[in-house]
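Asker: My questions concern the predicted model and sequence given below.
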Amino acid sequence: MHLIQVFLPLYDRDGKENPPEIFQHVNERLTVKFGGITTYAHAPAIGFWKTGAKKPVKDELIIVEVMADQIEQPFWTEFRRWLESELDQTELVIRAFKIDRL
């Protein structure tokens, strides 16, 4: 079993708020494909990263999680590319962990 996390920024690269319809589409698409999702959206996570010699960049994001028996790499590659385009991001993080159900 795998836990897959999708990090979704609340704002695009210019600081403009991303439309809520995109997040709704993500929720619907992943719920249909995986049978359910968990969204951490009430208190956005805050991330920082450095780009070259510049001051660290701050981002606010929500995290969407799904569980799957297998990781379908072609699906996740296409999904990540679609999200990067829709959310005006150079790179978006989707990560997976192997988990055991208890």
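Answerer: That came in fine, so what should we check first? The model shown is predicted, which means the values in this text are computed figures rather than measured ones. Numbering: from 1, shown residues only.
Asker: What number of residues are in the vicinity of Met67?
Answerer: 15 (other C-beta atoms under 10 Å). The way it works is simple: take the backbone N, C-alpha and C, and place the C-beta from them, glycine included.
Asker: Which residues belonging to stretch 11-28 are considered buried?
Answerer: Buried positions in stretch 11-28, judged by neighbour count with 16 or more other C-beta atoms under 10 Å: Tyr11, Asn18, Phe23, Val26.
Asker: Identify those among these that sit within strands.
Answerer: Per DSSP state E, strands hold no members of those.
Asker: Dump the residues you listed into JSON lines; add pLDDT and distance to Leu3 as well.
Answerer: Shown next, in JSON lines, are the buried residues of stretch 11-28 (pLDDT from 0 to 100; distance: C-beta to C-beta, whole Å):
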{"residue": "Tyr11", "pLDDT": "84", "distance to Leu3": "26"}
{"residue": "Asn18", "pLDDT": "89", "distance to Leu3": "24"}
{"residue": "Phe23", "pLDDT": "91", "distance to Leu3": "20"}
{"residue": "Val26", "pLDDT": "94", "distance to Leu3": "17"}
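Asker: can you tell me which two in those residues are farthest apart?
Answerer: Between any two of the buried residues of stretch 11-28, the greatest separation by C-beta to C-beta is 15.7 Å, found for Tyr11 and Val26.
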